[in-house]
Structures are given as structure tokens and as C-alpha cells.
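In: Here is my input, please return the structure:
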Amino acid sequence: MEIPLLSDIVIILGLAVVVILLFQRFKLPTILGFLATGVIAGPHGLSLIKATHDIEILAEIGVILLLFIIGMEFSLKQLALIKRTVLLGGTTQVLATIGLVCVVMVLLRYSWAESVFMGFLIALSSTAIVLKLLQDRSEINSPQGRVVLGILIFQDIVVVPMMLLAPLMAGESEDIGTALLIMALKGIFVIVFVLVSARYLVPRLLFLVAQTKSKELFILCVVVICFAVAWLTSNLGLSLALGAFMAGLIISESEYSHQATSNILPFREIFTSFFFVSIGMLLDFGFMLQNLPVILLFSVLTFILKGTVATLAARILQYPMRISLLVGLSLFQVGEFAFILSKTGLASGLLSEETYQYFLSVSLLTMGVTPFIIGSYRQLADFIAKPISSSNGDSVFSNETTAAHGDLPDLNDHIVIIGYGINGRNVAKAARHADIPYVITELNAVTVKQERKLGEPIVYGDAVHPMILEHINVQKARVVVIAISDPEATRRIIATVRGISDKVHIIVRTRFVQEMEENYLIGADEVIPEEFETSIEIFTRVMNKYLMPRDEIERFTQKIRSDNYDMLRSLASGRIPNNSKISLDLPDIEVASLRVYTNDSDIIGKSLLEANIRNRFQITIVAMKRERETILNVDGHTRILRGDVLYVVGKPNDVMRFNDYLKDSF
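Out: This is a model prediction of the structure:
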């Protein structure tokens with residue numbers, strides 16, 4: 001029996017493999033490969049696909065799973081940490097973009113409803129492409145990465161009410177007030193349903209399912225929850241995507257959300273690939289070529305408009321101009337959720353077929369150039385920032401920093417701490433405890449304001465600029481500690497410090513080993529990679545477990561650090577240099593804490609002499625814990641009771657044998 005859809009699936013996935021392999025060779029995102037696959041295989045390309053309607057159904061499943069995963073990854077607790085960026089930055093970017101696009105569209109003689117809806121579409125950026133690119137560059141935790149993430153989270157949330165408003169804007173309801181009231185009631189019902197389900201129903205259901213230890217049943221239960229809630233919201237007149245997002249929220253509040261995400265992720269990847277392919281199939285490539293000048297004009301306009309608005313949003317969050325420009329150069333494109341929303345507008349009559357083709361062309365072009373823009377966005381930001389800084393005397397930095405610096409003591413022979421994250425805070429605490437003078441530079445204006453109220457010597461500014469470092473007397477400092485999560489900015493700061501002073505000692509914290517050599521070449525004196533320091537800490541605890549003397553452990557770790565981690569780097573290549581080998585005499589002794597479960601009358605209630613434990617098991621009990629009391633002066637008359645925790649010393653095999661005996665009746 002022939003299944004037409006099966007041949008189409010084989011064509012799509014086979015062609016996608018070839019296209020994506022080609023795209024990967026040029027380091028282009030996978031999503032662009034799927035879009036290109038759709039353009040090639042679609043009705044406006046080679047017409048390889050016949051059952052386009054069936055592909056769109058698979059694409060709808062992909063959208064449901066995509067929003068379901070986003071809902072599961074959406075945590076109110078995590079959102080609270082960047083709530084200011086999400087709410088203020090996201091609201092500014094979305095509303096300002098909608099307003100400006102609306103003005104442009106009205107000037108082009110579109111109706112207000114069509115203009116506002118186009119503003120909805122252009123306001124959304126590509127979460128999938130931008131976060132993947134920033135993650136590949138290790139810049140998610142950088143200042144611009146945090147701002148971009150916050151704005152993208154807001155966009156992902158706001159797309160839901162946009163979907164609800166689209167039918168009302170299209171005039172599908174004559175009584176707008178009643179329609180809004182009904183929509184509000186439906187929304188309240190959905191919210192109550194989500195809260196009740198997340199608090200009471202779903203955790204209990206998933207607990208019962210998890211108890212069966214059946215992976216198949218767990219996956220089936222999660223999928224049923226996803227599609228059941230999507231079906232419910234669809235029957236209420238809301239969107240399937242909204243229901244999928246709500247289903248994800250329900251599961252996200254349970255302890256099983258991570259397992260559910262890992263189980264659903266492979267299905268999502270397959271079905272969302274059909275979604276992006278289906279978008280590519282909708283693009284009329286002939287239309288794009290015929291109207292290329294207009295499409296290029298709109299693409300450039302979108303780039304300038306969205307980039308400017310995102311930059312202003314970051315400036316409102318009080319980030320320096322360079323960081324703000326990096327944010328703007330990250331969020332200029334039209335994103336994948338705009339495609340989902342555009343289908344709603346097309347069905348509601350808010351988009352004509354011609355306008356829709358223009359939108360698709362502009363979206364694909366802006367998404368296509370995103371990897372190239374982000375790849376060189378630091379150079380672009382510097383190029384744009386220079387005339388701005390020179391025209392206003394660099395007031396973006398100097399005014400705030402001068403004001404802050406005026407409250408600082410005379411700085412000399414001090415520590416300069418760049419970045420006030422976890423590492424920066426710990427260095428500041430240690431310096432304060434040792435009574436060593438220090439000053440901190442930080443890019444987060446809110447953090448600076450809060451910490452200055454607490455008495456911290458902290459100033460606002462971007463340390464890549466010499467003016468900031470001169471204000472905090474880096475030329476008189478003894479040590480500069482660079483503790484930020486932006487590799488490129490770290491290298492620029494090292495170069496800037498070295499341009500001011502050759503004598504200051506620069507200590508750099510990096511995440512990865514491959515960043516060490518370049519930082520040394522630029523001028524760093526010490527580079528501490530988190531990868532190796534974590535390994536050293538783990539092995540230190542391992543050696544403690546083997547009862548190595550502390551002085552031997554300290555000599556071992558000091559040897560590793562003094563050789564710039566050469567031993568650990570050699571381990572990765574499978575060889576250990578002779579001069580890095582250290583002879584460690586590991587004693588065959590184990591210290592363990594064992595709980596008494598047995599009811600054996602040979603030891604329960606008996607003294608240590610009566611139980612004759614040392615001779616029977618060749619172990620020594622050195623202490624014990626009974627309820628909340630720790631007994632240190634253990635002697636031959638100390639009695640053993642059921643439930644005691646015994647601290648024993650002996651050879652590993654003997655300790656294990658004694659442990660088995662104590663659990664004999666457990």
C-alpha cells in the first residue's frame with residue numbers, strides 16, 4: 001500500500017540533510033537550512049512536495065510542541081531574577097517597534113488594524129537563532145546576552161495575547177466590548193485551570209506514573225497533557241499554541257519538568273523542522289526576485305528600525321552605548337513566532353497575500369544575515385559608537401563614573417575588580433576581610449546603585465574604555481582581577497589595562513581552557529580556567545577521601561597551578577609530562593560513617609568489649625552519633641544501640657563487610 005505522505009517526508013528529510021550539511025560547512029544556523037529546504041521543495045521551487053496540506057498539519061504539531069517546550073522551560077523563579085530586563089526592556093522594545101511600524105504602514109496607506117498587526121509581526125525576533133549564536137560564542141551570560149535573553153522572553157510571552165487580539169482587530173466580532181469580556185472570562189478560566197492543575201492535579205498524576213518506572217507511560221502521559229490542554233483551549237475559541245504553552249506551564253511547576261523536557265525534545269526537533277520547512281514552502285521565490293529592490297529596502301528599514309529600538313531599550317536599562325548597540329545588532333531580525341502569528345493574520349484577513357509575501361521575504365532575509373551580523377557585531381558596535389561618543393564627550397560613561405568616583409577614597413596600591421558576579425563578589429569579600437583597598441567596576445546600573453547604598457566602592461562603567469580605568473586609578477593599582485563572562489570583552493580589557501600600565505598584575509578568570517593562551521599573549525599575568533579549577537577541587541576531595549596528608553595535597557595542587565595546568569592539559573591528549581608526575585603514597589585506609597540497622601543481640605545493647613568488634617571485623621570505632629548527640633570519648637564500655645551512627649576506621653574491604661553486617665536485618 002502506497003502512503004503519499006511517506007514519500008514527501010522522505011523527500012523533505014533527505015533534502016534537509018543535504019542542505020543542512022552544506023549550511024553547516026559555512027557555519028550557518030540549522031533553521032536557515034530548513035527554510036531553504038522548504039523553498040527548494042515547495043510549490044514555488046522544484047514542486048517536489050505534493051501533500052502540502054499534510055505537511056502543514058505536521059508543522060502545526062511542531063508549533064504545539066515548540067510552545068509546549070517553551071512553557072516547560074518558563075520558570076517564574078528564574079524570570080524574577082531578570083524581571084526588570086524582561087518587563088522594562090521587553091515592553092519598551094515591543095511597544096516602540098509596534099508604534100514605529102504602525103506609523104510607516106499608515107503612511108503607506110494601510111488600515112490601522114493592518115498596520116498594528118504588521119507591528120506585531122516585526123516586533124518579534126528570532127529566539128532560536130539568536131540564543132543559539134550567543135550560546136556558541138559563550139556570551140549568554142555576558143551583559144548583552146542577559147538583556148537579549150530578557151527581551152526575547154518577553155516577546156515569547158507577548159505573542160500569546162497578540163494571537164488573541166488578532167481576530168478582534170480583524171472585526172470578526174461586531175460587539176468589541178462583549179468580545180473582550182468573553183475573552184477575559186476565557187482567560188480567567190484558563191489561568192484558574194492552569195493553577196489548579198499545576199498545584200494539585202498534574203503533580204499527583206505524574207507521581208503515580210513515575211512510580212511505575214515505565215518510560216513509555218511517562219512519555220505518553222506528558223504528550224496527552226500537552227495535546228489535551230491544546231484541544232481544550234482550541235474548543236474555547238483560543239489558539240492551539242496558547243494551550244500548548246499553558247500545558248508546558250502546568251508541567252513546569254512540577255519536579256518532573258526536566259525529565260518531561262528531555263523526553264519531548266527529540267519529537268519537537270523533528271516536528272519543528274517540518275514547521276520551518278513549511279514556512280519556506282510558502283515563500284514565492286519568483287515574487288521575491290521580481291520585487292527584490294522593494295524587499296531589500298524594507299529589509300534595511302527593518303534592520304535600522306528594530307536595531308535602533310532595541311538599542312534604546314538597553315539604554316533605558318542604563319547599559320553603556322557599546323553594550324546597547326550589541327543588543328540592537330542581535331535583535332534586528334524577524335523571528336519564527338512571527339510566522340506563527342502571521343498565519344493567524346492571514347486567516348483573519350489582516351494580511352493580504354501580497355503583503356504576506358513581502359513579510360515572508362523580509363523575514364527570511366533578516367534571519368539569513370543574522371549569523372553574519374552577530375559574527376562581526378563587536379566591530380560594528382565600535383564603529384557606530386565612536387562618532388556618538390566623540391560628539392557628546394563620552395558622557396555616557398564619564399559623567400556617571402565621575403560622580404561615583406567622587407565618593408571613593410584616594411586609591412593607591414589597590415585591587416581593581418572588573419565584574420561583580422559571583423567571582424567578583426567573592427574577591428571583594430576576601431579583600432575586605434584582609435583589609436586590602438579595592439574598587440569595583442560593573443555594567444549593571446541597578447547593581448551599582450544597590451551596592452553603593454551598602455557601602456561598596458563600586459562604580460558604573462565599561463572597563464574596555466581607558467577613561468573608566470583611569471578614573472579608578474588603574475595605573476596605581478597593584479592587581480586587576482577580570483571576572484566577567486564575556487571572552488571578547490575580557491581580551492579588550494587586558495589590552496586596555498596594558499596600554500595604561502605595564503606593572504599592574506592582571507588575573508583573569510575564563511570559562512574554557514582554549515581562552516588561556518590568547519589572554520597570556522595579550523598581557524595577562526595569570527589565567528584561571530574554571531574547567532581545570534573545578535577538576536582540581538574534585539580531585540582534592542578525592543585525595544581527602546583517601547586520607548592523603550593535607551600538606552601533600554597542597555603541594556600537588558600548587559604544582560599543577562604553577563605549571564599553568566600543563567599536567568591537566570596533557571591528560572586531555574593522553575600523555576603526562578615526566579616533570580609533572582608526583583608520587584603519592586595513598587594509604588589503604590577508609591573512614592566511614594555507618595548506621596546500625598541490625599537487631600542482632602550480639603552487638604545491640606552490648607559494650608564494645610562485649611561485642612568484640614575490633615577482633616571480629618578488624619575495624620575501629622572512633623566516635624558515634626546517637627540522635628543529636630555526638631559521642632567522641634568512645635571506650636570499651638560504650639554501648640551500641642539500634643539507630644546509632646558509627647564512625648569507623650579500617651581497610652575498605654573490612655569496612656564494607658561490617659556495613660553489610662549492620663544492614664543485615666534492614
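In: what ranges do the helices span in the stretch 401-550 of the chain?
Out: Applying DSSP state H, counting those that start in this stretch to the stretch 401-550 of the chain gives helices spanning 422-433, 445-453, 466-471, 487-500, 516-522, 530-545, 550-562.
In: A338 is nearest to which of those?
Out: Distance to A338, taken as Cβ to Cβ, is lowest for helix 487-500 among the helices of the stretch 401-550 of the chain, at 29.6 Å. Every C-beta, even on glycine, is put in place using the N, C-alpha and C of the backbone.
In: circling back to that earlier point, right, and the helices of the stretch 401-550 of the chain - which one's nearest L232?
Out: Nearest of the helices of the stretch 401-550 of the chain (Cβ to Cβ): helix 445-453, 40.2 Å.
In: Only the buried residues of the closest one, if you could.
Out: 447-448, 451-452 (16 or more other Cβ atoms under 10 Å).
In: just stretch 483-494 next, same as before
Out: Within stretch 483-494, the residues scored as buried using 16+ other Cβ under 10 Å are 483-487, 489-494.
In: In this model V130 seems to touch E336, though I could be wrong.
Out: No. If you go by Cβ atoms under 8 Å, E336 and V130 don't touch, sitting 10.7 Å apart.
In: Tabulate the helices of the stretch 401-550 of the chain (TSV), appending mean pLDDT.
Out: Formatted as TSV, the helices of the stretch 401-550 of the chain follow (pLDDT from 0 to 100):
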stretch	mean pLDDT
helix 422-433	88
helix 445-453	85
helix 466-471	86
helix 487-500	90
helix 516-522	87
helix 530-545	72
helix 550-562	73
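In: can you list the ones you listed in TSV and add distance to M105?
Out: Converted to TSV, the helices of the stretch 401-550 of the chain look like this (distance: least, Cβ to Cβ, whole Å):
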stretch	distance to M105
helix 422-433	46
helix 445-453	35
helix 466-471	42
helix 487-500	38
helix 516-522	47
helix 530-545	49
helix 550-562	61
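In: Ok, which of those comes nearest I384?
Out: The closest of the helices of the stretch 401-550 of the chain to I384 is helix 487-500. By Cβ to Cβ, the value is 16.2 Å.
In: elements contacting that closest one?
Out: helix 466-471, strand 479-482, strand 505-510, helix 516-522 (3 or more Cβ pairs under 8 Å, 6 or more residues apart in numbering; DSSP states H and E).
In: Quick check: buried residues in the last one?
Out: Applying a neighbour-count criterion of 16+ other Cβ under 10 Å, one finds 516, 519, 522 buried in helix 516-522.
In: I'd like these as TSV, with distance to I340 appended.
Out: Below are these laid out as TSV (distance: Cβ to Cβ, whole Å):
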residue	distance to I340
M516	44
N519	43
I522	45
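In: got the helices and strands packed on helix 487-500 as a markdown table, with distance to R315 columns?
Out: A markdown table is the format used below for the helices and strands packed on helix 487-500 (distance: least, Cβ to Cβ, whole Å):
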| stretch | distance to R315 |
| --- | --- |
| helix 466-471 | 17 |
| strand 479-482 | 25 |
| strand 505-510 | 28 |
| helix 516-522 | 29 |
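In: of all the buried residues of helix 516-522, which comes closest to G187?
Out: Nearest to G187 among the buried residues of helix 516-522 is N519, at 52.0 Å by Cβ to Cβ.
In: Tell me which residues touch that closest one, please.
Out: Contacts for N519 (Cβ atoms under 8 Å, 6 or more residues apart in numbering) come out as 490-491, 494, 508, 510, 527.
In: now the residues you listed in JSON lines, with distance to I191?
Out: Putting the contacts of N519 into JSON lines (distance: Cβ to Cβ, whole Å) gives the following:
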{"residue": "T490", "distance to I191": "44"}
{"residue": "R491", "distance to I191": "48"}
{"residue": "I494", "distance to I191": "51"}
{"residue": "V508", "distance to I191": "48"}
{"residue": "T510", "distance to I191": "45"}
{"residue": "V527", "distance to I191": "50"}
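In: what about the strands in the chain?
Out: 415-418, 438-442, 458-460, 479-482, 505-510, 526-529, 590-595, 619-626, 629-631, 645-650 (DSSP state E).
In: quick one: which of these is nearest K663?
Out: For those, proximity to K663 was assessed by Cβ to Cβ; strand 590-595 is nearest, at 8.3 Å.
In: Of all the residues in the closest one, which ones are buried?
Out: Across strand 590-595, burial judged by 16+ other Cβ under 10 Å covers 590, 592, 594.
In: same thing with stretch 246-257?
Out: By neighbour count on 16+ other Cβ under 10 Å, the buried set for stretch 246-257 is 246-254, 256-257.
In: export the residues you listed to JSON lines and tack on distance to R616 and pLDDT?
Out: Listed next are those as JSON lines, based on distance: Cβ to Cβ, whole Å; pLDDT from 0 to 100:
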{"residue": "M246", "distance to R616": "63", "pLDDT": "78"}
{"residue": "A247", "distance to R616": "59", "pLDDT": "83"}
{"residue": "G248", "distance to R616": "58", "pLDDT": "82"}
{"residue": "L249", "distance to R616": "59", "pLDDT": "77"}
{"residue": "I250", "distance to R616": "56", "pLDDT": "81"}
{"residue": "I251", "distance to R616": "53", "pLDDT": "82"}
{"residue": "S252", "distance to R616": "54", "pLDDT": "77"}
{"residue": "E253", "distance to R616": "53", "pLDDT": "69"}
{"residue": "S254", "distance to R616": "49", "pLDDT": "74"}
{"residue": "Y256", "distance to R616": "46", "pLDDT": "73"}
{"residue": "S257", "distance to R616": "50", "pLDDT": "74"}
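In: Closest to R626 out of the buried residues of helix 445-453?
Out: E451 (46.5 Å).
In: residues touching the closest one, list them.
Out: Taking Cβ under 8 Å, 6+ apart as the criterion, E451 is in contact with 420, 440, 442, 458.
In: one more time with 6 Å
Out: Taking Cβ atoms under 6 Å, 6 or more residues apart in numbering, we find E451 in contact with I458.
In: Relative to R146, which of the strands of the chain is closest?
Out: Across the strands of the chain, R146 has its closest neighbour in strand 438-442 (12.7 Å, Cβ to Cβ).
In: and of the buried residues of stretch 483-494, the nearest to L22?
Out: Each of those was scored against L22 by Cβ to Cβ, and P487 proved nearest at 28.7 Å.
In: Please determine how far V94 is located from V202.
Out: As judged by Cβ to Cβ, to the nearest Å, V94 and V202 stand 31 Å apart.
In: One more: K606?
Out: Taken as Cβ to Cβ, the span from K606 to V202 is 52 Å.
In: Which of those two has more residues huddled nearby?
Out: Between K606 and V202, counted using other Cβ atoms under 10 Å, the more crowded position is V202 (22 against 16).
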